[in-house]
Structures are given as C-alpha cells and as structure tokens.
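Trainee: using only what follows, build the 3D model:
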Amino acid sequence: MDNLKNRLKHIAILARSAAFKLALVDTETKNRILLEMADALQQETSSIISANKRDLSNAIKKKLGSAFIDRLTLDEKRVNQMSQSLREIASLPDYVGQIIKSWTRPNGLVISKVRVPIGVILIIYESRPNVTADCIGLCLKSANSVILKGGSDSLNSNRRIFEILNSIVQKNGLPEASINFIDSTEHRVVDELLKFSDYIDLVIPRGGEELIRQITRKSKISVIKHYKGVCHVYVDSEADLNMAERIVFNAKVQRPAVCNAMETLLVHRDVAVRFLPGAVKLLQEAGCEIRGCPLTRKILRNFKNIKTASEADWYAEYLDLILAIRVVNSLEEAIEHINKYGSHHSDSIITEDNNNAERFLKEVDSACVFVNASTRFSDGYEFGLGAEIGISTDKLHARGPMALEELTTYKFIVKGNGQIRQ
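Mentor: Take a look at the predicted model:
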C-alpha cells in the first residue's frame, strides 16, 4: 500500500473512532466550543485575509473567471459572516437524541424513533473557503466527524481557517480526528477517499456540475448531490410590476456568482411590454448581458446588445452577469419550462393572485419554491438554519438547504420487560 493511500485510510479510521465519541458530547459543551471558534475567527481575521490574498493572487495569475474570484474572496465582512454563522449554529436546537415519535405496542414494547448523527461525513468542495467553517460548525453541533477536501485554488485560505478551528477542538479535548483537513493537492486523493465505505458514511460534494458527476460516478459511498442552480423568476400576469422589478434585479445582480442567483427570467405575455423595458434597463446598467427569445428581442428592439437565446441558454448556469429571458403565454407554460429546463434548485413566482401562487408552489418540482421573494434567500443562514452544508437537489434523504436536522439520521430504540415473539 503506498504512503498516500495509507495516510488517507488512517485519517478515515480515526474519524470513524471519533464519531462514536462525538455522539456522547453534551449540547452545552458543543455550544461553548462553537462560540470559542467564532471568537477565534474574528481574532484571526487579518491572518485569514492574508492567506486568502495568496489564493487570490494565484487565481488572478491563472486568469480564472470573475465568478470564481468572487466565490474565493474573503474580506472582513465575510469572515465576520463565518463567525456569525457559528454563533447562530450554537443558538439552534441540538437534534441529536431528539425523539421523533414514540409509541407503545399491545405487547408492552415501547418503541421510539430517535435522531442520531450520520457518522463520518466527507465534504469535497471547490473555491468557497467559508465552507470550511460552516461545515466544521454544522458537523460538530450534529456530532458528526468530518473530513474536508477543499480545492487547490483555496488551499491557503482553507488551511488557515482549519488551523484556527482545530486549535479550539484540541484545546477542549475533543476526540482526535473530530475534524480533518486534507491538504494534499494530488489528484488521486478524492478517488482514494471515495473507496473507504467501511469508514465514511456520506459524501457531500460542493462545486461545479462536472465535479459532482465525477464523484457520483466513482463513489462507493452514498452521495448527496448539490447540482447546479438554474434558478427562475416568473413574473405573472397578476404581478405587482414594481415589486417584480426589485426582486428580479436582486435575484440576478446582488451576487450573480452563487447557485441561488436567477439565471432565467420568465415573463407573462400580458405584462411583458410594460415590464421588460424598465427591468432590462436596470439590468443592463448593472452590466448584465441579456439573451432573449424572439418576442423578448422584439419588445426590446430599441435596446442595444440583446442577444438571441439558444436552447442551451435555457439549461445554463451562468454564475455571471448574464440572463436569459423568455416570454410565456401562461402560468402553465412557465411551470412547464421550469420543470423541463431547471435544476430543481430554487424558483420564484411574482404574483398577487393566490390561486396562481398556490399552483406554482404545488406544481414546480424544486427544492425551494418562493412567492414574491428573491431566489437569493435560498440559503441555510437566511432560512434560520445557522449555515448549510449545501443545497441538495436530491430528494433523498435531504432536499434544499442541508443543515443540522439533515445531518442526522435515526434509529429505533425498543424497551421491553421480558417480551418474546410468539
């Protein structure tokens, strides 16, 4: 067995052992450690930003895209957000040990369905270094040991954040390998880790669609997929157009490089002529490129640089200031478009008609469905979950922002007084 494989297997074995011990740590201790971690991040803000600058310098030299640079960047505000997420996690309920339901059988057996940690979680992620802190905090609170494998482009940032948080883990005497960070940049690291089904219980990949498809294809361990975010906003015939304009602008422009940003705007034919010129003017002033269907281009014929949307555009996750626009004839057509071209991530309807809103909520097959709100709220922190491991586009066992409750499974506890089966 070569040295790398041996080292990775050793980490996985230790993480397995740590998971059993973490399950016994009480809520008060976990919360205290999380608050200490939050303080440590704020105290080390300058060293985190310094490490991040090295990653940014390398990314700029490699001429990586603006969306990638945005996801990679840490500043004082984003470090503070990481710290605040840990505090939020500490303030949330501890689901470990929670009795989901309990009942007594006619023979006297008392059966309880109780939440327990999943065990060992492997998280493979790309450019966003805040994922390091969020995942450590969520896994600690849910009593799962975690193995983190970040991307090489954010190595310095991830390593520094891990070092700070791991020092708190060690100071408080938590089990060895409660949190783990793989800093090797060898390409075969992930392939080796995906073989350790005897020690790792779940894989959560966070990154581009191709990364997730490769991991799903190669893994011998269960994978919860966090695929791309082809998110839609549909402006209904009964929409408040001023509200719609604000929401559309926010959903596209506020932070276009993230998975819950709008990629396609759908507008009902009855309001398209009134709505599109004003909305598109604001979007173009913000630097947004527009790609439209034939009717969109006809309505916007006096605008410059309105490109023709291709079939591929309806499937596209741009993660950039690019927006596809389609005018639809009905609510049914909008729903059909979303279910066909979307990624089952997050979609919103803007309408004052309750019946239309309810139809949209029931018929759009996505993890998060909104009425009169921006898709940018599709986020664990914004949902009041503290943070998220990711936004699952799967249906089993988690869907949408995956946080503390989704990091548990359950077992049945059965108490008797001598019963035997007849």
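
Trainee: quick one, strands of the stretch 1-150 of the chain?
Mentor: Listed in chain order, the strands of the stretch 1-150 of the chain (DSSP state E, counting those that start in this stretch) span 99-104, 110-117, 120-125, 145-149.

Trainee: do you know which of those strands lies nearest Ser392?
Mentor: Shortest separation from Ser392 across the strands of the stretch 1-150 of the chain is recorded for strand 120-125, at 12.9 Å, computed as Cβ to Cβ. The way it works is simple: take the backbone N, C-alpha and C, and place the C-beta from them, glycine included.

Trainee: just checking, what packs against that closest one?
Mentor: helix 3-22, helix 130-141, strand 145-149, helix 188-193, strand 202-206 (3 or more Cβ pairs under 8 Å, 6 or more residues apart in numbering; DSSP states H and E).

Trainee: would you mind giving those as JSON lines with distance to Val258 added?
Mentor: Supplementary listing: those in JSON lines, determined by distance: least, Cβ to Cβ, whole Å:
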{"stretch": "helix 3-22", "distance to Val258": "29"}
{"stretch": "helix 130-141", "distance to Val258": "11"}
{"stretch": "strand 145-149", "distance to Val258": "20"}
{"stretch": "helix 188-193", "distance to Val258": "23"}
{"stretch": "strand 202-206", "distance to Val258": "12"}
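
Trainee: what's the closest of these to Glu28?
Mentor: Of all the helices and strands packed on strand 120-125, helix 130-141 sits nearest to Glu28, with 11.9 Å by Cβ to Cβ.

Trainee: could you check the angle the closest one makes with strand 202-206?
Mentor: Using axes from the mean of the first three to the mean of the last three Cα atoms, to 10 degrees, the inter-axis angle of helix 130-141 relative to strand 202-206 is 150 degrees.

Trainee: what residues sit buried inside helix 130-141?
Mentor: By neighbour count with 16 or more other Cβ atoms under 10 Å, helix 130-141 contains the buried residues 130-141.

Trainee: what mean pLDDT does it have?
Mentor: Over the span of helix 130-141, the pLDDT mean works out to 97.

Trainee: likewise stretch 302-315?
Mentor: Rounded to a whole number, the mean pLDDT of stretch 302-315 is 97.

Trainee: buried sites along that stretch?
Mentor: Judged by neighbour count (16+ other Cβ under 10 Å), stretch 302-315 contains these buried residues: 303, 306, 309, 313-315.

Trainee: closest to Gly229 among these?
Mentor: Using Cβ to Cβ as the measure, the one of the buried residues of stretch 302-315 that approaches Gly229 most closely is Tyr315, at 12.1 Å.

Trainee: what's the separation between that closest one and Tyr341?
Mentor: According to Cβ to Cβ, to the nearest Å, Tyr315 and Tyr341 sit 5 Å apart.

Trainee: residues shared between the contacts of those two?
Mentor: Shared contacts of Tyr315 and Tyr341 (Cβ atoms under 8 Å, 6 or more residues apart in numbering): Val230.

Trainee: what about the chain, any weak spots by pLDDT?
Mentor: Low-confidence segments of the chain (pLDDT under 70): 1.

Trainee: please report how far His10 lies from Phe196.
Mentor: His10 sits at a distance of 11 Å from Phe196 (criterion: Cβ to Cβ).

Trainee: also Ile100?
Mentor: Shown here: Ile100 relative to Phe196, a distance of 30 Å by Cβ to Cβ.

Trainee: got the contact list for the residue lying closest to Trp314 once chain neighbours are set aside?
Mentor: If the residues on either side of it in the chain are set aside, Trp314 comes closest to Tyr341, at 4.2 Å by Cβ to Cβ, 6 or more residues apart in numbering. If a contact means Cβ under 8 Å, 6+ apart, then Tyr341 has 230, 264, 314-315 as its contacts.

Trainee: looking at these, which are in helices?
Mentor: Filtering the contacts of Tyr341 for membership in helices, criterion DSSP state H, returns 314-315.

Trainee: tell me the one of the contacts of Tyr341 nearest Gly108?
Mentor: Where the contacts of Tyr341 are concerned, and distances follow Cβ to Cβ, Gly108 has its nearest neighbour in Val230, at 53.5 Å.

Trainee: how about the nearest residue to Gly150 once chain neighbours are set aside, secondary structure?
Mentor: Computed as Cβ to Cβ, 6+ apart, the closest residue to Gly150 that is not its neighbour in sequence is Asn158, at 4.1 Å. Reducing the assignment to helix, strand or coil with DSSP: H, G, I helix; E, B strand; the rest coil, the entry for Asn158 is helix.

Trainee: so how far is Leu138 from Asn158?
Mentor: The gap separating Asn158 from Leu138 is 16 Å, by Cβ to Cβ.

Trainee: likewise for Ser237?
Mentor: Per Cβ to Cβ, Ser237 is found 41 Å from Leu138.

Trainee: same question, Ser310
Mentor: The value you get for Ser310 to Leu138, if Cβ to Cβ is used, is 39 Å.

Trainee: pretty sure Ser85 contacts Gly137?
Mentor: Yes: if you go by Cβ atoms under 8 Å, Ser85 and Gly137 touch, sitting 6.4 Å apart.

Trainee: who touches both of these two?
Mentor: 386-387.

Trainee: so what's Ala324 bridging to?
Mentor: When bridges are taken as DSSP bridges, the partners of Ala324 come out as Thr264, Arg291.

Trainee: gap between it and Lys252?
Mentor: Distance, Ala324 to Lys252, by Cβ to Cβ: 11 Å.

Trainee: so what's in contact with the two at the same time?
Mentor: Shared contacts of Ala324 and Lys252, counting by Cβ under 8 Å, 6+ apart, come down to Leu265.

Trainee: got a list of what Cys135 touches?
Mentor: 123, 125, 146, 148, 389.

Trainee: would JSON lines of the residues you listed with neighbour count be doable?
Mentor: Compiled in JSON lines, the contacts of Cys135 are given as follows (neighbours: other Cβ atoms under 10 Å):
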{"residue": "Ile123", "neighbour count": "23"}
{"residue": "Tyr125", "neighbour count": "24"}
{"residue": "Val146", "neighbour count": "28"}
{"residue": "Leu148", "neighbour count": "22"}
{"residue": "Ile389", "neighbour count": "30"}
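
Trainee: quick one, the helix or strand where Leu211 lies and strand 202-206 angle?
Mentor: Taking DSSP states H and E as the definition, Leu211 sits inside helix 209-218. Compare the direction of helix 209-218 with that of strand 202-206 by the same axes, to 10 degrees and you get 160 degrees.
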